[in-house]
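1. Need a 3D model of the following:
(one chain, ligands or ions: 1)
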Amino acid sequence: MKIAVLKELAAGERRVSATPETVKKFTGLGAEVAVETGAGASASISDDAYAAAGATLGPRAQVIAGADMLLGVQGPDPASLAGLKQGAWIVAGLNPFGERARVDGYAALGAEALAMEFMPRITRAQSMDILSSQSNLAGYKAVLDAAAEYGRAFPMMMTAAGTVSAARVFVMGVGVAGLQAIATARRLGAQVSATDVRAATKEQILSLGAKPIFVEQVKGIEGEGTGGYATEMSDEYKAAQAELVSSHIAKQDIVITTALIPGRPAPRLISDAQVASMRPGSVIIDLAVEQGGNVEGALAGEIVEKHGVKIVGHRNVPSRLAADASALFARNLFNFLSVFWDKEAGRPVLPDDDEIAQAIRLTRGGQVVNARLLAQ
Ligand code: NAD
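-> Predicted structure coming up:
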(Lines give C-alpha, C1' and ligand atoms only; values in the text may rest on other atoms or scores of the structure.)
Protein backbone atom coordinates (compact mmCIF):
# COMPACT_ATOMS: atom_id res chain seq x y z
CA MET A 1 0.00 0.00 0.00
CA LYS A 2 1.69 3.18 -1.19
CA ILE A 3 0.34 6.54 -0.03
CA ALA A 4 1.46 9.64 -1.94
CA VAL A 5 1.35 13.05 -0.25
CA LEU A 6 1.12 15.75 -2.89
CA LYS A 7 2.48 19.29 -2.73
CA GLU A 8 -0.41 21.74 -2.99
CA LEU A 9 -0.29 23.68 -6.25
CA ALA A 10 -3.29 26.02 -5.77
CA ALA A 11 -2.41 29.70 -5.40
CA GLY A 12 -2.20 30.77 -1.76
CA GLU A 13 -2.52 27.22 -0.37
CA ARG A 14 0.04 26.77 2.41
CA ARG A 15 -1.33 23.65 4.08
CA VAL A 16 -0.22 20.05 3.60
CA SER A 17 -2.27 16.87 3.96
CA ALA A 18 0.16 14.80 6.05
CA THR A 19 2.54 15.62 8.88
CA PRO A 20 5.46 13.60 10.28
CA GLU A 21 3.05 12.44 12.99
CA THR A 22 0.56 10.96 10.51
CA VAL A 23 3.35 9.58 8.28
CA LYS A 24 4.59 7.63 11.29
CA LYS A 25 1.09 6.35 12.01
CA PHE A 26 0.55 5.23 8.41
CA THR A 27 3.88 3.41 8.32
CA GLY A 28 2.87 1.84 11.63
CA LEU A 29 -0.14 0.36 9.81
CA GLY A 30 2.23 -1.12 7.24
CA ALA A 31 1.86 1.49 4.48
CA GLU A 32 4.68 3.03 2.51
CA VAL A 33 4.47 6.84 2.38
CA ALA A 34 6.00 8.97 -0.40
CA VAL A 35 5.98 12.74 0.07
CA GLU A 36 6.48 15.18 -2.81
CA THR A 37 9.62 17.24 -2.23
CA GLY A 38 8.84 20.55 -0.50
CA ALA A 39 5.22 19.57 0.26
CA GLY A 40 5.41 20.77 3.88
CA ALA A 41 7.65 23.81 3.48
CA SER A 42 4.88 26.44 3.68
CA ALA A 43 3.49 24.74 6.80
CA SER A 44 6.95 24.78 8.45
CA ILE A 45 7.59 21.06 7.90
CA SER A 46 10.92 20.20 6.29
CA ASP A 47 11.60 17.29 3.95
CA ASP A 48 14.01 15.97 6.58
CA ALA A 49 11.23 15.81 9.17
CA TYR A 50 9.15 13.63 6.82
CA ALA A 51 12.16 11.43 6.08
CA ALA A 52 12.84 11.02 9.80
CA ALA A 53 9.23 9.87 10.23
CA GLY A 54 9.78 7.12 7.65
CA ALA A 55 8.65 8.72 4.37
CA THR A 56 10.54 8.68 1.09
CA LEU A 57 10.75 11.98 -0.78
CA GLY A 58 10.79 12.69 -4.48
CA PRO A 59 9.38 14.66 -7.38
CA ARG A 60 5.66 14.47 -8.20
CA ALA A 61 5.86 11.85 -10.96
CA GLN A 62 7.92 9.60 -8.71
CA VAL A 63 5.57 9.79 -5.70
CA ILE A 64 2.50 9.23 -7.92
CA ALA A 65 4.00 6.22 -9.74
CA GLY A 66 2.53 3.04 -8.27
CA ALA A 67 0.60 4.92 -5.55
CA ASP A 68 -2.63 3.32 -4.33
CA MET A 69 -3.77 6.56 -2.78
CA LEU A 70 -3.08 10.29 -3.14
CA LEU A 71 -3.61 12.64 -0.22
CA GLY A 72 -4.21 16.36 -0.73
CA VAL A 73 -5.66 19.38 1.02
CA GLN A 74 -7.34 20.64 -2.14
CA GLY A 75 -8.11 18.44 -5.14
CA PRO A 76 -5.13 18.06 -7.47
CA ASP A 77 -5.51 19.11 -11.11
CA PRO A 78 -6.17 15.86 -13.07
CA ALA A 79 -3.63 17.06 -15.66
CA SER A 80 -0.93 16.87 -12.97
CA LEU A 81 -1.65 13.18 -12.24
CA ALA A 82 -0.16 11.49 -15.30
CA GLY A 83 0.73 7.86 -14.64
CA LEU A 84 -1.86 7.42 -11.87
CA LYS A 85 -2.70 3.77 -11.17
CA GLN A 86 -6.23 2.63 -12.17
CA GLY A 87 -8.52 2.61 -9.14
CA ALA A 88 -6.17 4.75 -7.01
CA TRP A 89 -7.95 6.81 -4.34
CA ILE A 90 -7.76 10.60 -4.30
CA VAL A 91 -8.53 11.74 -0.75
CA ALA A 92 -8.79 15.51 -0.24
CA GLY A 93 -11.15 18.47 0.06
CA LEU A 94 -12.36 18.26 -3.53
CA ASN A 95 -14.88 21.16 -3.66
CA PRO A 96 -17.19 18.88 -5.69
CA PHE A 97 -19.82 21.50 -6.60
CA GLY A 98 -17.31 24.25 -7.37
CA GLU A 99 -14.89 22.01 -9.30
CA ARG A 100 -17.23 19.68 -11.13
CA ALA A 101 -15.02 19.48 -14.25
CA ARG A 102 -12.15 18.29 -12.10
CA VAL A 103 -14.35 15.51 -10.66
CA ASP A 104 -15.12 14.37 -14.22
CA GLY A 105 -11.36 14.42 -14.79
CA TYR A 106 -10.82 12.04 -11.85
CA ALA A 107 -13.46 9.69 -13.31
CA ALA A 108 -11.70 9.80 -16.69
CA LEU A 109 -8.44 8.85 -14.97
CA GLY A 110 -10.15 5.80 -13.48
CA ALA A 111 -9.56 7.12 -9.96
CA GLU A 112 -11.80 6.73 -6.93
CA ALA A 113 -12.20 10.30 -5.67
CA LEU A 114 -13.26 10.75 -2.02
CA ALA A 115 -14.42 14.24 -1.03
CA MET A 116 -13.64 14.83 2.63
CA GLU A 117 -16.01 17.81 2.90
CA PHE A 118 -18.92 15.46 2.15
CA MET A 119 -18.20 13.59 5.42
CA PRO A 120 -21.59 13.12 7.12
CA ARG A 121 -22.10 14.98 10.39
CA ILE A 122 -22.55 11.93 12.56
CA THR A 123 -20.85 11.21 15.86
CA ARG A 124 -18.68 8.43 14.39
CA ALA A 125 -17.25 10.83 11.79
CA GLN A 126 -16.53 13.82 14.03
CA SER A 127 -12.80 13.13 14.18
CA MET A 128 -12.69 12.92 10.36
CA ASP A 129 -14.50 16.21 9.74
CA ILE A 130 -12.26 18.67 7.86
CA LEU A 131 -14.97 21.32 7.75
CA SER A 132 -15.05 21.46 11.55
CA SER A 133 -11.31 21.35 12.12
CA GLN A 134 -10.62 24.08 9.58
CA SER A 135 -13.62 26.29 10.48
CA ASN A 136 -12.57 26.28 14.10
CA LEU A 137 -9.19 27.78 13.19
CA ALA A 138 -10.80 30.20 10.71
CA GLY A 139 -13.07 31.54 13.47
CA TYR A 140 -10.07 32.17 15.70
CA LYS A 141 -8.02 33.79 12.93
CA ALA A 142 -10.95 36.02 11.90
CA VAL A 143 -10.84 37.69 15.29
CA LEU A 144 -7.07 38.19 15.11
CA ASP A 145 -7.42 39.62 11.59
CA ALA A 146 -10.08 42.01 12.88
CA ALA A 147 -7.90 43.07 15.79
CA ALA A 148 -4.99 43.70 13.42
CA GLU A 149 -7.07 45.94 11.14
CA TYR A 150 -8.84 47.77 13.97
CA GLY A 151 -7.20 51.02 15.06
CA ARG A 152 -8.39 50.59 18.64
CA ALA A 153 -7.93 48.09 21.45
CA PHE A 154 -10.25 45.15 22.25
CA PRO A 155 -10.26 45.16 26.07
CA MET A 156 -11.35 47.96 28.33
CA MET A 157 -8.21 49.58 29.78
CA MET A 158 -8.09 52.02 32.67
CA THR A 159 -4.86 53.95 32.35
CA ALA A 160 -3.38 57.08 33.93
CA ALA A 161 -4.12 58.84 30.63
CA GLY A 162 -7.76 57.84 30.72
CA THR A 163 -10.02 54.91 29.89
CA VAL A 164 -10.13 52.96 26.66
CA SER A 165 -13.52 51.36 26.15
CA ALA A 166 -14.00 47.72 25.19
CA ALA A 167 -14.61 46.89 21.53
CA ARG A 168 -18.08 45.65 20.64
CA VAL A 169 -17.91 42.52 18.51
CA PHE A 170 -20.94 41.00 16.76
CA VAL A 171 -20.71 37.47 15.35
CA MET A 172 -23.27 36.51 12.70
CA GLY A 173 -23.59 32.75 12.17
CA VAL A 174 -22.77 30.61 15.19
CA GLY A 175 -21.58 27.31 13.72
CA VAL A 176 -18.12 25.96 14.39
CA ALA A 177 -16.30 29.12 13.18
CA GLY A 178 -18.71 31.49 14.92
CA LEU A 179 -18.41 29.73 18.28
CA GLN A 180 -14.61 29.95 18.15
CA ALA A 181 -14.84 33.62 17.09
CA ILE A 182 -17.03 34.37 20.12
CA ALA A 183 -14.64 32.58 22.48
CA THR A 184 -11.58 34.30 21.00
CA ALA A 185 -13.12 37.80 21.07
CA ARG A 186 -14.17 37.22 24.69
CA ARG A 187 -10.61 36.19 25.59
CA LEU A 188 -9.35 39.43 24.08
CA GLY A 189 -11.72 41.35 26.33
CA ALA A 190 -14.37 42.46 23.83
CA GLN A 191 -18.08 42.82 24.55
CA VAL A 192 -19.54 40.12 22.34
CA SER A 193 -22.99 39.53 20.87
CA ALA A 194 -24.05 36.95 18.29
CA THR A 195 -26.93 35.79 16.14
CA ASP A 196 -27.96 32.72 14.13
CA VAL A 197 -31.09 31.32 12.54
CA ARG A 198 -30.81 28.05 14.48
CA ALA A 199 -32.54 28.45 17.82
CA ALA A 200 -30.23 25.85 19.41
CA THR A 201 -27.30 28.29 19.24
CA LYS A 202 -28.86 30.71 21.77
CA GLU A 203 -27.83 28.49 24.67
CA GLN A 204 -24.30 28.13 23.25
CA ILE A 205 -23.91 31.90 22.86
CA LEU A 206 -24.97 32.43 26.48
CA SER A 207 -22.63 29.73 27.73
CA LEU A 208 -19.69 31.56 26.13
CA GLY A 209 -20.61 34.75 27.97
CA ALA A 210 -21.94 36.57 24.90
CA LYS A 211 -25.33 38.20 24.29
CA PRO A 212 -27.75 36.47 21.87
CA ILE A 213 -29.49 38.76 19.35
CA PHE A 214 -32.44 36.82 17.96
CA VAL A 215 -35.54 37.42 15.89
CA GLU A 216 -38.34 36.70 18.36
CA GLN A 217 -41.41 38.08 16.60
CA VAL A 218 -41.52 35.54 13.73
CA LYS A 219 -42.86 32.39 15.36
CA GLY A 220 -42.40 28.71 14.55
CA ILE A 221 -38.91 28.94 13.11
CA GLU A 222 -36.26 26.56 14.21
CA GLY A 223 -33.92 27.23 11.28
CA GLU A 224 -32.27 23.83 11.48
CA GLY A 225 -32.33 21.41 8.56
CA THR A 226 -30.62 18.06 8.09
CA GLY A 227 -27.25 17.35 9.67
CA GLY A 228 -27.45 20.39 11.94
CA TYR A 229 -27.18 22.78 9.00
CA ALA A 230 -29.22 25.92 8.45
CA THR A 231 -32.08 26.11 5.95
CA GLU A 232 -33.12 29.05 3.78
CA MET A 233 -35.39 31.33 5.86
CA SER A 234 -38.82 32.74 4.92
CA ASP A 235 -39.09 36.27 3.49
CA GLU A 236 -40.92 37.32 6.66
CA TYR A 237 -38.04 36.07 8.79
CA LYS A 238 -35.44 37.72 6.55
CA ALA A 239 -37.20 41.10 6.85
CA ALA A 240 -37.39 40.81 10.64
CA GLN A 241 -33.73 39.79 10.81
CA ALA A 242 -32.65 42.73 8.61
CA GLU A 243 -34.51 45.19 10.86
CA LEU A 244 -33.06 43.72 14.04
CA VAL A 245 -29.54 43.63 12.63
CA SER A 246 -29.75 47.23 11.36
CA SER A 247 -30.32 48.71 14.77
CA HIS A 248 -27.69 46.47 16.39
CA ILE A 249 -24.95 46.78 13.76
CA ALA A 250 -24.81 50.57 13.95
CA LYS A 251 -23.48 50.21 17.51
CA GLN A 252 -20.79 47.61 16.71
CA ASP A 253 -17.05 48.11 16.14
CA ILE A 254 -16.31 44.67 14.69
CA VAL A 255 -18.63 42.32 12.82
CA ILE A 256 -17.60 38.78 11.91
CA THR A 257 -19.89 36.94 9.50
CA THR A 258 -19.71 33.16 9.02
CA ALA A 259 -23.18 32.25 7.69
CA LEU A 260 -23.42 29.44 5.17
CA ILE A 261 -26.21 27.27 3.74
CA PRO A 262 -24.86 24.05 2.20
CA GLY A 263 -25.19 23.86 -1.61
CA ARG A 264 -26.38 27.48 -1.93
CA PRO A 265 -24.74 30.87 -2.12
CA ALA A 266 -24.03 32.39 1.30
CA PRO A 267 -27.00 34.42 2.63
CA ARG A 268 -26.62 38.20 2.33
CA LEU A 269 -26.69 39.52 5.91
CA ILE A 270 -25.26 43.06 5.69
CA SER A 271 -26.23 45.71 3.12
CA ASP A 272 -24.19 48.70 2.02
CA ALA A 273 -26.57 50.97 3.97
CA GLN A 274 -25.85 48.96 7.13
CA VAL A 275 -22.11 49.27 6.53
CA ALA A 276 -22.60 53.04 6.21
CA SER A 277 -24.36 53.12 9.61
CA MET A 278 -21.21 51.87 11.39
CA ARG A 279 -18.70 54.25 12.84
CA PRO A 280 -15.58 54.99 10.76
CA GLY A 281 -12.71 52.70 11.72
CA SER A 282 -15.00 49.72 12.24
CA VAL A 283 -14.00 46.37 10.72
CA ILE A 284 -16.10 43.64 9.11
CA ILE A 285 -14.63 40.18 8.45
CA ASP A 286 -16.57 38.15 5.89
CA LEU A 287 -15.58 34.50 6.31
CA ALA A 288 -18.20 33.49 3.70
CA VAL A 289 -16.63 35.68 0.99
CA GLU A 290 -15.57 32.72 -1.18
CA GLN A 291 -19.13 31.32 -1.15
CA GLY A 292 -20.62 34.62 -2.41
CA GLY A 293 -20.22 36.67 0.74
CA ASN A 294 -22.49 37.69 3.63
CA VAL A 295 -21.56 41.35 3.22
CA GLU A 296 -22.40 43.65 0.30
CA GLY A 297 -19.20 45.01 -1.19
CA ALA A 298 -16.89 42.29 0.22
CA LEU A 299 -14.33 41.05 -2.32
CA ALA A 300 -12.51 37.72 -2.11
CA GLY A 301 -8.82 38.20 -1.48
CA GLU A 302 -9.15 41.91 -0.71
CA ILE A 303 -9.58 44.42 2.09
CA VAL A 304 -11.90 47.13 0.81
CA GLU A 305 -12.86 50.34 2.59
CA LYS A 306 -16.48 51.52 2.32
CA HIS A 307 -17.85 54.50 4.26
CA GLY A 308 -14.71 54.44 6.42
CA VAL A 309 -15.33 50.77 7.34
CA LYS A 310 -12.83 48.06 6.38
CA ILE A 311 -14.42 44.96 4.86
CA VAL A 312 -11.93 42.09 5.01
CA GLY A 313 -12.36 39.18 2.57
CA HIS A 314 -9.33 36.95 3.00
CA ARG A 315 -9.42 33.78 0.96
CA ASN A 316 -8.65 30.41 2.53
CA VAL A 317 -8.39 31.62 6.11
CA PRO A 318 -7.34 28.22 7.57
CA SER A 319 -4.25 28.37 5.33
CA ARG A 320 -3.26 31.55 7.22
CA LEU A 321 -2.56 29.22 10.18
CA ALA A 322 -0.90 26.63 7.96
CA ALA A 323 0.97 24.62 10.61
CA ASP A 324 -1.97 23.99 12.94
CA ALA A 325 -4.48 23.71 10.09
CA SER A 326 -2.26 21.04 8.48
CA ALA A 327 -1.84 19.14 11.74
CA LEU A 328 -5.61 18.91 12.23
CA PHE A 329 -6.37 18.23 8.56
CA ALA A 330 -3.76 15.46 8.47
CA ARG A 331 -5.27 13.87 11.59
CA ASN A 332 -8.75 14.02 10.03
CA LEU A 333 -7.41 12.05 7.04
CA PHE A 334 -5.60 9.55 9.24
CA ASN A 335 -8.65 9.09 11.51
CA PHE A 336 -10.78 8.36 8.45
CA LEU A 337 -8.37 5.95 6.75
CA SER A 338 -7.38 4.09 9.90
CA VAL A 339 -10.99 3.39 10.92
CA PHE A 340 -11.52 1.63 7.59
CA TRP A 341 -8.11 -0.09 7.58
CA ASP A 342 -8.42 -3.78 6.80
CA LYS A 343 -5.45 -5.59 8.36
CA GLU A 344 -5.64 -8.54 6.01
CA ALA A 345 -5.88 -6.44 2.87
CA GLY A 346 -3.20 -4.12 4.24
CA ARG A 347 -5.22 -1.11 3.12
CA PRO A 348 -8.44 0.75 3.90
CA VAL A 349 -11.62 -0.80 2.52
CA LEU A 350 -14.87 1.17 2.22
CA PRO A 351 -17.93 -1.10 2.43
CA ASP A 352 -20.50 -0.09 -0.21
CA ASP A 353 -23.32 0.02 2.32
CA ASP A 354 -21.46 2.32 4.71
CA GLU A 355 -22.99 5.77 5.21
CA ILE A 356 -19.58 7.45 5.12
CA ALA A 357 -18.52 5.67 1.90
CA GLN A 358 -21.78 6.59 0.19
CA ALA A 359 -21.51 10.23 1.24
CA ILE A 360 -17.91 10.91 0.22
CA ARG A 361 -17.33 8.70 -2.82
CA LEU A 362 -17.53 10.83 -5.97
CA THR A 363 -16.16 8.59 -8.71
CA ARG A 364 -15.57 4.90 -9.30
CA GLY A 365 -14.98 2.69 -12.35
CA GLY A 366 -14.74 5.70 -14.65
CA GLN A 367 -18.11 7.14 -13.55
CA VAL A 368 -19.36 9.90 -11.26
CA VAL A 369 -21.35 7.94 -8.65
CA ASN A 370 -22.18 10.47 -5.92
CA ALA A 371 -25.90 11.02 -5.31
CA ARG A 372 -25.51 14.69 -4.34
CA LEU A 373 -23.49 15.45 -7.47
CA LEU A 374 -25.79 13.48 -9.76
CA ALA A 375 -28.81 15.33 -8.34
CA GLN A 376 -27.32 18.70 -9.37
P1 NAD B 1 -22.06 26.34 8.48
O2 NAD B 1 -20.64 26.63 8.21
O3 NAD B 1 -22.84 25.60 7.45
O4 NAD B 1 -22.82 27.72 8.76
C5 NAD B 1 -22.36 28.62 9.75
C6 NAD B 1 -23.51 29.12 10.57
O7 NAD B 1 -24.27 30.07 9.82
C8 NAD B 1 -24.51 28.06 11.02
O9 NAD B 1 -24.61 28.06 12.42
C10 NAD B 1 -25.81 28.47 10.35
O11 NAD B 1 -26.95 28.17 11.15
C12 NAD B 1 -25.61 29.97 10.24
N13 NAD B 1 -26.51 30.65 9.29
C14 NAD B 1 -26.98 30.24 8.10
N15 NAD B 1 -27.79 31.17 7.56
C16 NAD B 1 -27.84 32.21 8.43
C17 NAD B 1 -28.52 33.46 8.44
N18 NAD B 1 -29.32 33.84 7.43
N19 NAD B 1 -28.36 34.28 9.52
C20 NAD B 1 -27.54 33.90 10.56
N21 NAD B 1 -26.89 32.73 10.59
C22 NAD B 1 -27.04 31.89 9.56
O23 NAD B 1 -22.23 25.61 9.86
P24 NAD B 1 -21.18 24.68 10.64
O25 NAD B 1 -20.20 25.50 11.33
O26 NAD B 1 -20.71 23.69 9.66
O27 NAD B 1 -22.08 23.99 11.74
C28 NAD B 1 -23.44 23.59 11.50
C29 NAD B 1 -23.93 22.67 12.60
O30 NAD B 1 -23.37 21.38 12.47
C31 NAD B 1 -23.62 23.10 14.03
O32 NAD B 1 -24.72 22.81 14.81
C33 NAD B 1 -22.48 22.20 14.42
O34 NAD B 1 -22.39 22.03 15.82
C35 NAD B 1 -22.90 20.93 13.73
N36 NAD B 1 -21.76 20.01 13.53
C37 NAD B 1 -21.92 18.68 13.80
C38 NAD B 1 -20.86 17.79 13.62
C39 NAD B 1 -20.99 16.32 13.90
O40 NAD B 1 -21.90 15.92 14.56
N41 NAD B 1 -20.10 15.49 13.35
C42 NAD B 1 -19.65 18.26 13.13
C43 NAD B 1 -19.53 19.63 12.86
C44 NAD B 1 -20.60 20.49 13.06
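2. closest point of the protein to the ligand, which residue?
-> Gly175 (2.1 Å; CB to the nearest ligand atom). (C-beta placed from N, C-alpha, C; glycine too.)
3. for that residue, what are its contacts?
-> Taking CB atoms under 8 Å, 6 or more residues apart in numbering as the contact definition, Gly175 lies against Ser135, Asp196, Thr258, Leu260.
4. which one of these is nearest Pro20?
-> Using CB to CB, the shortest approach to Pro20 within the contacts of Gly175 belongs to Ser135, at 24.8 Å.
5. Tell me the backbone dihedrals of the closest one, please.
-> Listed backbone geometry of Ser135 is phi -70, psi -40, with angles given as degrees, to the nearest 10.
6. cool, Val312 as well?
-> The phi and psi torsions at Val312 (degrees, to the nearest 10) take the values phi -100, psi 130.
7. quick thing: my sequence starts at 9, can you match it?
-> That works, and once the first residue is 9, the last one we named lands at Val320.
8. Quickly list what it is bridged to.
-> Counting by DSSP bridges, Val320 forms beta bridges with Ile293, Ile311.
9. Run through who's touching the lowest-mean-pLDDT helix or strand in the chain.
-> In the chain, no helix or strand scores lower on mean pLDDT, DSSP states H and E than helix 243-257, which sits at a mean of 87. Counting by CB under 8 Å, 6+ apart, helix 243-257 makes contact with 178, 180, 201, 203, 205, 221-223, 225-226, 229, 241, 263, 277-279, 281-282, 285-286, all of which sit outside it.
10. which of the residues you listed come close to the ligand?
-> Contacts with the ligand within the contacts of helix 243-257, counted by CB under 6 Å from any ligand atom: Met180, Thr203, Val205, Met241, Leu277.
11. okay, and for the stretch 109-258 of the chain, where does confidence drop off?
-> Along the stretch 109-258 of the chain, the model assigns pLDDT under 70 to residues 227-237.
12. what does it put close to the ligand?
-> Near the ligand, when you scan the stretch 109-258 of the chain using CB under 6 Å from any ligand atom, you find 129-131, 133-134, 137, 139-140, 143, 180-186, 203-206, 236-238, 241.
13. please redo it, this time with the cut-off set to 8 Å
-> Taking CB under 8 Å from any ligand atom as the criterion, the neighbours of the ligand within the stretch 109-258 of the chain are 127-131, 133-134, 137, 139-140, 143, 180-187, 203-206, 208-209, 231-232, 235-238, 241, 246, 249.
14. Just to be sure, which of those are found in helices?
-> For those, the ones inside helices are Leu139, Ser140, Ser143, Val184, Ala185, Gly186, Leu187, Thr209, Lys246, Gln249, with DSSP state H as the criterion.
15. Measure how buried the residue nearest to the fifth one when sequence neighbours are not counted is and give me the count.
-> In this case it means Ala185. Spatially, and ignoring its direct neighbours in sequence, Ala185 is nearest to Gly147 (3.5 Å; CB to CB, 6 or more residues apart in numbering). For Gly147, the neighbour count with other CB atoms under 10 Å is 28.
16. Next: Glu313.
-> One way to gauge burial is a neighbour count; for Glu313, by other CB under 10 Å, it gives 10.
17. Tell me which residues touch it, please.
-> Each residue near Glu313 by CB under 8 Å, 6+ apart is listed here: Ile319.
18. Backbone torsions only: list them for it.
-> According to degrees, to the nearest 10, the main-chain angles of Glu313 amount to phi -110, psi 120.
19. Give me the nearest residue to Lys32, chain neighbours excluded.
-> The spatial neighbour of Lys32 that comes closest, neighbours along the chain excluded (CB to CB, 6+ apart), is Ala61 at 4.6 Å.
20. For that neighbour, give me its contacts.
-> Ala61 makes contacts with Pro28, Glu29, Val31, Lys32, Thr35, as judged by CB under 8 Å, 6+ apart.
21. SS state for Tyr58?
-> What DSSP: H, G, I helix; E, B strand; the rest coil gives for Tyr58 is helix.
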